[in-house]
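Q: kindly return the folded structure for what I paste below:
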Amino acid sequence: MTFNGKAKATSQFFYNLSKENNEEIYKKMHAVVEDYFSWYSDFQNKEEIKSIALTSSDFKCSNGCSLGPNFSNSVLNLVVTKEEVIKAVKELGQKYEISLGKAFS
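A: A predicted model of the protein is given here:
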């Protein structure tokens with residue numbers, strides 16, 4: 001996950017669609033957002049969070065071929081919904097007093 005195009009090492013969001021249900025995946029995403037917001041809340045000159053991206057390079061074409069090491073695609077609405085991300089961001093933004101951009105209104 002990236003926040004305004006930035007991430008920290010712990011911003012990686014690991015999931016296994018074949019072994020985890022939606023609630024378990026949501027909790028993992030929520031934990032990544034909370035970890036980042038907790039860390040970011042200590043900054044003195046915080047920019048508002050305007051964008052969050054959830055991407056993965058773990059894709060294969062339909063016949064199993066690799067799409068290359070530089071391929072990355074959004075997993076928003078594939079792994080977690082936009083509404084779930086907005087819900088977590090709004091809740092945690094309020095908890096950690098982080099301003100959010102219009103995308104999260």
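Q: buried sites along the helix or strand encompassing K27?
A: Assessed by DSSP states H and E, K27 sits inside helix 22-40. Across helix 22-40, burial judged by 16 or more other CB atoms under 10 Å covers 25-26, 28-30, 32-33, 36-37, 40. Using the backbone N, CA and C atoms, a C-beta is placed for each residue, glycine as well.
Q: next SSE downstream of that helix?
A: strand 52-53.
Q: after that following strand, next one along is what?
A: strand 55-56.
Q: who's in contact with that next one?
A: Strand 55-56 is contacted from outside by 2, 72-75, 79, using CB atoms under 8 Å, 6 or more residues apart in numbering.
Q: what subset of these is buried?
A: 75, 79.
Q: between the contacts of strand 55-56, which is nearest S99?
A: Checking the contacts of strand 55-56 against S99 by CB to CB gives T2 as the nearest, at 17.6 Å.
Q: still on that earlier bit, which elements pack onto the helix holding K27?
A: Helix 22-40 is packed against helix 82-95, with contacts defined by 3 or more CB pairs under 8 Å, 6 or more residues apart in numbering; DSSP states H and E.
Q: quick one, what contacts the nearest residue to N70 once chain neighbours are set aside?
A: Nearest non-adjacent residue to N70, counting by CB to CB, 6 or more residues apart in numbering: S57, 7.9 Å away. If a contact means CB under 8 Å, 6+ apart, then S57 has 67, 69-73 as its contacts.
Q: could I get the residues you listed in CSV, plus columns for secondary structure, distance to V85 and pLDDT?
A: Below are the contacts of S57 laid out as CSV (DSSP: H, G, I helix; E, B strand; the rest coil; distance: CB to CB, whole Å; pLDDT from 0 to 100):
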residue, secondary structure, distance to V85, pLDDT
L67, coil, 24, 78
P69, coil, 26, 75
N70, coil, 25, 80
F71, coil, 22, 75
S72, coil, 17, 79
N73, strand, 16, 81
